[in-house]
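In: Predicted model follows, preceded by the sequence.
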There are 2 protein chains.
Amino acid sequence: MAARSVDPGESVDPVDPAEPASTPEPVGTAESVGTAASVGTAEPFTPGTVRPGGRTARVRTAVLRAAEDALVEHGFSGLDLGDIAQRAEVGRTTVYRRWGSTTALVADLLADMAEQSLPRTHTGSLAEDLRANARLVRRTLADPRQGALFRAVIVAANCDADAAEALRHFYRRRVEEWAPCVTEAVERGELPADTDASEVVRAVSAPLYYRMLTTVEPLDEAAADRAAAAAGAAARAGAYRLQGP
Amino acid sequence: MAARSVDPGESVDPVDPAEPASTPEPVGTAESVGTAASVGTAEPFTPGTVRPGGRTARVRTAVLRAAEDALVEHGFSGLDLGDIAQRAEVGRTTVYRRWGSTTALVADLLADMAEQSLPRTHTGSLAEDLRANARLVRRTLADPRQGALFRAVIVAANCDADAAEALRHFYRRRVEEWAPCVTEAVERGELPADTDASEVVRAVSAPLYYRMLTTVEPLDEAAADRAAAAAGAAARAGAYRLQGP
DNA sequence: CCCCTAATGGGACTCCCGTTCCGTTAGGAT
DNA sequence: ATCCTAACGGAACGGGAGTCCCATTAGGGG
């Protein structure tokens, strides 16, 4: 049963279950495309693309949710497509046919996660915006469910090129969302003119991820505030200017 | 054959092949210990502990090297103990008996890697020491062989508790090696008195690892210098003081 | 409302990872 | 040098993940 409840209002929330068809992300079965002008036996293309309607969409969301639960419970290495099929109450064959591998499934899950918008704050102060961002990241990584999910997803990205691209896309989205708070600080004159906004935003997350990966120390709010303060101080000192210091 | 040559003088170099017995790290087969006071059939404990001499040690180094090669080639997810046994020219059974799982093998490999000492620089300037450290990390992660190895090892750490502990131990060692250059800077009066030296050192590595994991942009020397400069600036601004700012 | 077929689902089959059994080799203590 | 047995290695075995085949269900266009 695995409750899929997350702290209300927490970062990545599930999509509306009735979502119609959000680009089913066909798995790259790029193979033998030629000779399609035959009689009637046209090569069946990647499933889920021709009739993305009701059932297909339901199967997709059910499987993605099951995958999320499984990732949280057993991590990426423990991912079993057969188990996911059972959780999703979907035929085992279907999962193998539409996704084919655990990494492809995670890549699709990441594409789905990237869709969730996560509005940034607008406090009017760079320090406060960065701290809000750091605390949000901290809370996500420290949350048992979300943290486990992110670990799993990072692992998958290191095992497969497609999953890696999906993860990069996810972070690109997140960084794009928060970069404006740096740009605005530049316009207010708080930072050097040629400051690389994306780099500042990444600088906030980096120590938190690094800490999660390499130490046992808990990811507490003090660590988040420190990360934000450090990124702010470095930015003010011109460490993230596009042209040398 | 997979050349195991690394840039000369590069970070993790292989141990002396003739190393006698460096704590063979028995896999935790903690099971049925009781009733050892029987007749003659004493339970055979973890292999490699009673006779760590010649052959056993040779097998260990051969397997660890093979594991390293395999990790570099196929990543952690592609690790196959049978394949490793072949590469090491060792019986498949032996690998399964002594390590038992891919994660345990990686944990042992990490323990081995942690033994390699990697002396820090002593330039007399915090900025230069940090930059030297950043460039070393950068070079390691950007190196095809070392980079792949580190990715694989991080993945393993996220799949298994023992591997995670081994990875933490590895980084603890590395941080301990470099922390003094921060402490000395404090003594010289370059940084606030209660600066957390380890945190500064980690702050240098963090953005490099984060960049490797979440972007496609190459890990160039400019990125390393930026990471060092940012950590230095933040430290001078007091962002890493033990008690609040 | 009906038809065509995309998409799903069950079950049998295959292959390979990991285990077990037991004979062989070689530490290392005497 | 000799013996004892820890440790290794080959071969056969078992189970589970992934594939294949075909019958069934349900989009969605007419």
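Out: Ah, there it is.

In: which of the residues in stretch A:232-239 are buried?
Out: For stretch A:232-239, burial by neighbour count (16 or more other Cβ atoms under 10 Å in any protein chain shown) applies to A:232-239. C-betas here are computed from N, CA, C, even on glycine.

In: To clarify, my last question referred to stretch A:201-220.
Out: Buried, per 16+ other Cβ under 10 Å, within stretch A:201-220: A:201-215, A:219.

In: for the record, mean pLDDT for it?
Out: In this model, stretch A:201-220 has a mean pLDDT of 95.

In: So what touches it?
Out: Contact partners of stretch A:201-220, identified using Cβ atoms under 8 Å, 6 or more residues apart in numbering or on different chains, comprise A:130, A:133-134, A:137-138, A:141-142, A:147, A:151, A:175, A:178-179, A:182, A:223-224, A:226-228, A:230-231, A:234-235, A:240, B:154, B:157-158, B:167-168, B:171, B:202-203, B:205-207, B:209-211, B:213-214, B:230.

In: Mind checking which of the residues you listed are in helices?
Out: Counting by DSSP state H, the contacts of stretch A:201-220 place A:130, A:133-134, A:137-138, A:141-142, A:147, A:151, A:175, A:178-179, A:182, A:223-224, A:226-228, A:230-231, A:234-235, B:154, B:157, B:167-168, B:171, B:202-203, B:205-207, B:209-211, B:213-214, B:230 in helices.

In: in stretch A:149-165, what counts as buried?
Out: In stretch A:149-165, counting by 16+ other Cβ under 10 Å, buried: A:149-160, A:162-164.

In: follow-up on the earlier one: reformat the buried residues of stretch A:232-239 as TSV; add pLDDT and distance to DNA strand C.
Out: Output for these, formatted as TSV (pLDDT from 0 to 100; distance: Cβ to the nearest atom of the strand, whole Å):
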residue	pLDDT	distance to DNA strand C
A:G232	98	47
A:A233	98	47
A:A234	98	44
A:A235	98	47
A:R236	98	51
A:A237	97	50
A:G238	97	51
A:A239	98	45
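
In: what's the burial count for A:E184?
Out: 17 (other Cβ atoms under 10 Å in any protein chain shown).

In: contacting residues for it?
Out: A:L126.

In: 10 Å - rerun?
Out: A:E184 makes contacts with A:122, A:124-126, A:129, A:190-191, A:197, as judged by Cβ atoms under 10 Å, 6 or more residues apart in numbering or on different chains.

In: before we move on, what about A:R172?
Out: A:114, A:198, B:214-216.

In: Convert stretch A:234-244 to PDB, retaining C-alpha atoms only.
Out: Extracted in PDB, the C-alpha atoms of stretch A:234-244 (Å, rounded to 0.1, in the frame of the first residue of the first chain):
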ATOM      1  CA  ALA A 234      31.100  34.300  -2.900                       C
ATOM      2  CA  ALA A 235      28.800  35.900  -5.400                       C
ATOM      3  CA  ARG A 236      29.300  39.300  -3.800                       C
ATOM      4  CA  ALA A 237      33.000  38.800  -3.900                       C
ATOM      5  CA  GLY A 238      32.700  38.200  -7.700                       C
ATOM      6  CA  ALA A 239      33.500  34.500  -7.700                       C
ATOM      7  CA  TYR A 240      30.800  33.800 -10.200                       C
ATOM      8  CA  ARG A 241      31.500  36.500 -12.700                       C
ATOM      9  CA  LEU A 242      31.500  35.300 -16.300                       C
ATOM     10  CA  GLN A 243      34.900  36.900 -17.100                       C
ATOM     11  CA  GLY A 244      37.600  36.200 -14.500                       C
END
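
In: From chain B, how far off is the residue in chain A that DNA strand C sits nearest to?
Out: Residue nearest to DNA strand C within chain A: A:G91 (2.7 Å; Cβ to the nearest atom of the strand). According to Cβ to the nearest Cβ, to the nearest Å, A:G91 and chain B sit 25 Å apart.

In: quick one: that residue and A:A62 touch, right?
Out: No. With contacts counted by Cβ atoms under 10 Å, A:G91 stays clear of A:A62, the gap being 11.4 Å.

In: what residues do those two have in common as contacts?
Out: With Cβ under 10 Å, 6+ apart as the test, A:G91 and A:A62 both reach A:A85.

In: Just send the contacts of A:R172 back as TSV, with distance to B:I84 too.
Out: What follows is these, written out as TSV (distance: Cβ to Cβ, whole Å):
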residue	distance to B:I84
A:A114	36
A:S198	40
B:T214	30
B:T215	32
B:V216	30
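
In: which of the residues you listed lies closest to DNA strand D?
Out: A:A114 (23.8 Å).

In: element containing that closest one?
Out: Using DSSP states H and E, A:A114 maps to helix A:102-115.

In: Now find how far off-centre that helix is within its chain.
Out: Averaging C-alpha positions (Cα atoms, centre = their mean, to the nearest Å) puts helix A:102-115 8 Å from its chain's average.

In: Please point out which parts of it sit buried.
Out: Within helix A:102-115, the residues scored as buried using 16+ other Cβ under 10 Å are A:102-114.

In: and what of stretch A:93-101?
Out: Under 16+ other Cβ under 10 Å, the buried positions of stretch A:93-101 are A:94-95, A:98-99, A:101.

In: What about those residues, which are in strands?
Out: Per DSSP state E, strands hold no members of these.

In: Among those, which ones are in helices?
Out: Counting by DSSP H, the buried residues of stretch A:93-101 contribute A:94-95, A:98 to helices.

In: Go through the contacts of A:E184 and name the one nearest DNA strand D.
Out: For the contacts of A:E184, the nearest to DNA strand D is A:H122 (40.2 Å; Cβ to the nearest atom of the strand).

In: What number of residues are in the vicinity of the closest one?
Out: If we define neighbours as other Cβ under 10 Å, then A:H122 has 12 of them.

In: Quick check: it vs B:A227, distance?
Out: 29 Å (Cβ to Cβ, to the nearest Å).

In: and if you look at A:R241?
Out: Between A:R241 and B:A227 the distance is 14 Å, computed by Cβ to Cβ.

In: Of these two, give the one with the bigger neighbour count.
Out: The neighbour comparison of A:R241 against B:A227 (other Cβ under 10 Å) goes to B:A227, with 31 against 18.

In: Go ahead and confirm the more buried one touches B:L141.
Out: No. The pair B:A227 and B:L141 does not pass the contact test of Cβ under 10 Å, sitting 11.3 Å apart.

In: Just the buried residues of the host helix or strand of A:D69, please?
Out: When elements are assigned from DSSP H and E, A:D69 belongs to helix A:54-74. In terms of neighbour count (16+ other Cβ under 10 Å), helix A:54-74 has its buried residues at A:56-57, A:59-72.

In: Could you report the neighbour count for the closest residue to A:E176 other than its chain neighbours?
Out: Counting by Cβ to Cβ, 6 or more residues apart in numbering or on different chains, A:E176 lies nearest to A:S198, which is 7.8 Å off, once chain neighbours are set aside. Residues near A:S198, counting by other Cβ under 10 Å, number 18.

In: A:S198 and A:A164, how far apart?
Out: A:S198 is 19 Å from A:A164, where distance means Cβ to Cβ.

In: quick revisit: so which of the buried residues of helix A:54-74 are also by DNA strand C?
Out: Counting by Cβ under 7 Å from any atom of the strand, A:56, A:59 from the buried residues of helix A:54-74 sit close to DNA strand C.
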